[in-house]
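Asker: With the sequence up front, the predicted model follows.
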Amino acid sequence: MLSDLAEKFERASRNYADANGIERDADWFLLKLQEEIGELTQAWNRVSGRGRKKGRSDEELRLDLADEAADVLGHIFLFAHRNDLDLSAAIKRKWLFRPEQR
(Lines give C-alpha, C1' and ligand atoms only; values in the text may rest on other atoms or scores of the structure.)
Protein backbone atom coordinates (compact mmCIF):
# COMPACT_ATOMS: atom_id res chain seq x y z
CA MET A 1 0.00 0.00 0.00
CA LEU A 2 2.67 2.54 0.96
CA SER A 3 4.87 1.64 -2.00
CA ASP A 4 1.96 2.37 -4.36
CA LEU A 5 1.42 5.73 -2.72
CA ALA A 6 5.15 6.48 -2.83
CA GLU A 7 5.21 5.72 -6.55
CA LYS A 8 2.30 8.13 -7.17
CA PHE A 9 4.12 10.92 -5.31
CA GLU A 10 7.31 10.08 -7.22
CA ARG A 11 5.58 10.25 -10.59
CA ALA A 12 3.88 13.57 -9.76
CA SER A 13 7.12 15.08 -8.46
CA ARG A 14 9.15 13.87 -11.43
CA ASN A 15 6.59 15.31 -13.87
CA TYR A 16 6.58 18.65 -12.03
CA ALA A 17 10.38 18.77 -11.93
CA ASP A 18 10.67 17.92 -15.63
CA ALA A 19 8.10 20.56 -16.59
CA ASN A 20 9.87 23.24 -14.51
CA GLY A 21 13.52 22.37 -15.11
CA ILE A 22 14.17 21.33 -11.51
CA GLU A 23 17.07 19.00 -10.76
CA ARG A 24 16.10 16.62 -7.99
CA ASP A 25 19.57 15.71 -6.73
CA ALA A 26 20.21 13.90 -3.44
CA ASP A 27 20.09 17.10 -1.36
CA TRP A 28 16.93 18.41 -3.03
CA PHE A 29 14.71 15.80 -1.37
CA LEU A 30 15.69 16.74 2.18
CA LEU A 31 15.86 20.47 1.48
CA LYS A 32 12.40 20.42 -0.11
CA LEU A 33 11.02 18.50 2.88
CA GLN A 34 12.44 21.15 5.20
CA GLU A 35 10.89 23.88 3.06
CA GLU A 36 7.50 22.20 3.24
CA ILE A 37 7.74 21.82 7.03
CA GLY A 38 8.35 25.56 7.20
CA GLU A 39 5.24 26.20 5.10
CA LEU A 40 3.21 23.88 7.35
CA THR A 41 4.48 25.80 10.38
CA GLN A 42 3.50 29.08 8.74
CA ALA A 43 0.00 27.74 7.98
CA TRP A 44 -0.33 26.52 11.58
CA ASN A 45 0.72 29.93 12.90
CA ARG A 46 -2.06 31.54 10.85
CA VAL A 47 -4.70 29.01 11.93
CA SER A 48 -3.71 29.28 15.59
CA GLY A 49 -3.69 33.10 15.63
CA ARG A 50 0.09 33.41 15.81
CA GLY A 51 0.46 34.76 12.28
CA ARG A 52 -1.22 37.25 9.98
CA LYS A 53 -4.28 35.90 8.17
CA LYS A 54 -3.58 38.05 5.10
CA GLY A 55 -7.30 38.43 4.43
CA ARG A 56 -7.95 34.68 4.35
CA SER A 57 -11.06 33.23 5.96
CA ASP A 58 -10.86 30.59 8.67
CA GLU A 59 -12.00 27.99 6.14
CA GLU A 60 -9.29 29.02 3.68
CA LEU A 61 -6.70 28.85 6.43
CA ARG A 62 -7.79 25.31 7.34
CA LEU A 63 -7.55 24.30 3.67
CA ASP A 64 -4.06 25.83 3.53
CA LEU A 65 -3.10 23.80 6.61
CA ALA A 66 -4.38 20.58 5.04
CA ASP A 67 -2.59 21.37 1.77
CA GLU A 68 0.71 21.99 3.55
CA ALA A 69 0.32 18.79 5.60
CA ALA A 70 -0.24 16.92 2.32
CA ASP A 71 2.95 18.47 0.93
CA VAL A 72 4.94 17.33 3.98
CA LEU A 73 3.52 13.83 3.66
CA GLY A 74 4.36 13.74 -0.04
CA HIS A 75 7.91 14.86 0.57
CA ILE A 76 8.38 12.27 3.32
CA PHE A 77 7.43 9.66 0.74
CA LEU A 78 9.74 11.19 -1.86
CA PHE A 79 12.66 11.27 0.59
CA ALA A 80 12.05 7.66 1.59
CA HIS A 81 11.67 6.54 -2.04
CA ARG A 82 14.88 8.32 -3.12
CA ASN A 83 16.81 6.69 -0.27
CA ASP A 84 15.29 3.21 -0.62
CA LEU A 85 13.75 3.34 2.86
CA ASP A 86 11.09 0.76 3.71
CA LEU A 87 8.49 2.91 5.47
CA SER A 88 6.15 -0.04 6.01
CA ALA A 89 8.82 -1.94 7.92
CA ALA A 90 9.83 1.19 9.84
CA ILE A 91 6.22 1.90 10.85
CA LYS A 92 5.80 -1.66 12.02
CA ARG A 93 9.06 -1.46 13.97
CA LYS A 94 8.57 2.01 15.46
CA TRP A 95 4.78 2.28 15.80
CA LEU A 96 4.07 -1.41 16.41
CA PHE A 97 1.38 -1.83 13.77
CA ARG A 98 1.18 -2.74 10.11
CA PRO A 99 0.29 0.24 7.91
CA GLU A 100 -1.84 -2.03 5.67
CA GLN A 101 -4.17 -2.87 8.57
CA ARG A 102 -7.46 -1.10 8.96
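Answerer: Thanks, I have it.

Asker: C-alpha only now, for contacts and for neighbours.
Answerer: OK.

Asker: Could you check how far the most centrally placed residue in the chain is from residue 35?
Answerer: Centroid check for the chain by C-alpha atoms, centre = their mean gives residue 72 as the closest residue, at 2.1 Å. Here residue 72 is placed at a distance of 9 Å from residue 35 (C-alpha to C-alpha, to the nearest Å).

Asker: re the thing from before, contacting residues around the residue nearest to the centre of the chain?
Answerer: 33, 36-37, 40 (C-alpha atoms under 8 Å, 6 or more residues apart in numbering).

Asker: which two in these are spaced the farthest apart?
Answerer: 33 and 40 (10.5 Å; C-alpha to C-alpha).

Asker: re the thing from before, how about the residue nearest to the centre of the chain, phi and psi?
Answerer: Main-chain dihedrals, residue 72, degrees, to the nearest 10: phi -60, psi -50.

Asker: Residue 49 now?
Answerer: Backbone torsions of residue 49, given as degrees, to the nearest 10, read phi 80, psi 10.
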